[in-house]
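Visitor: I need the structure of the sequence given here:
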Amino acid sequence: VRLVQSGGGLAQAGGSLTLSCAASGFTFSTYAMGWFRQAPGKEREFVATIYSHGESPYYAASVKGRFVISRDNARNTVYLQMNNLKPEDTGLYYCGKGLFGSGNTLERAYDAWGQGTHVTVSS
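Guide: Numbers count the residues shown, from 1 in each chain. Coordinates of the predicted model:
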């Protein structure tokens, strides 16, 4: 299993960034995918998850209405479109492969992780 992240970087408050996570080594369309983030000095937290066939996206309250999770099963890739960014969105973002086809907000429901991508939002 391999998850390779791209995107991220520096943005101003109110701006947008897109993260990508390219998967290989497993049948991508069978498993839910998720995004988590870790702010400096804090524990990793749930951001968004999506079911195996792209249904039922679910978001943390802090990002709902601003972030969009999507997936392209033909390209084995999951995305996180981040809009109206805030300084509190700053952190290291990770994509994760779910244990099952249904999405989940808990870290223990994921068994593989990307390398992490830095997102920095300036005010």
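
Visitor: For the helix or strand containing His118, the averaged confidence score.
Guide: Using DSSP states H and E, His118 maps to strand 117-122. Averaged over strand 117-122, pLDDT sits at 98.

Visitor: same check, this time on stretch 81-95
Guide: The pLDDT scores in stretch 81-95 average 98.

Visitor: Please apply the same query to stretch 43-54.
Guide: Mean pLDDT, computed over stretch 43-54, is 97.

Visitor: now swap in stretch 59-69 and tell me
Guide: Averaged across stretch 59-69, the pLDDT comes to 98.

Visitor: mind listing what's buried in that stretch?
Guide: Using 16 or more other CB atoms under 10 Å as the test for burial, stretch 59-69 gives 59-60, 63, 67-69. C-betas here are computed from N, CA, C, even on glycine.

Visitor: before we move on, back to that, state the paired neighbours of the strand holding His118 in the sheet, together with their directions.
Guide: strand 9-12 (parallel), strand 91-98 (antiparallel) (DSSP bridges).

Visitor: Would you tell me which one of these is buried the most?
Guide: Neighbour counts (mean count of other CB atoms under 10 Å) averaged over each of the strands paired with strand 117-122 peak at strand 91-98, with a mean of 23.

Visitor: who's in contact with the helix or strand following it?
Guide: Using DSSP H and E, the next helix or strand after strand 91-98 towards the C-terminus is strand 110-113. Strand 110-113 is contacted from outside by 1-3, 34, 36, 94-99, 104, using CB atoms under 8 Å, 6 or more residues apart in numbering.

Visitor: Out of the strands paired with strand 117-122, flag the one nearest Gln115.
Guide: For these, the distance to Gln115 is smallest for strand 91-98, at 8.1 Å, taking CB to CB.

Visitor: hey, C-alpha coordinates of the closest one in CSV?
Guide: Extracted in CSV, the C-alpha atoms of strand 91-98 (Å, rounded to 0.1, in the frame of the first residue of the first chain):
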residue,chain,number,x,y,z
GLY,A,91,-1.0,22.1,9.9
LEU,A,92,0.3,18.9,8.5
TYR,A,93,-2.4,17.1,6.4
TYR,A,94,-2.5,13.4,6.0
CYS,A,95,-4.6,11.2,3.7
GLY,A,96,-5.5,7.8,5.1
LYS,A,97,-6.8,4.5,3.7
GLY,A,98,-9.9,3.2,5.5
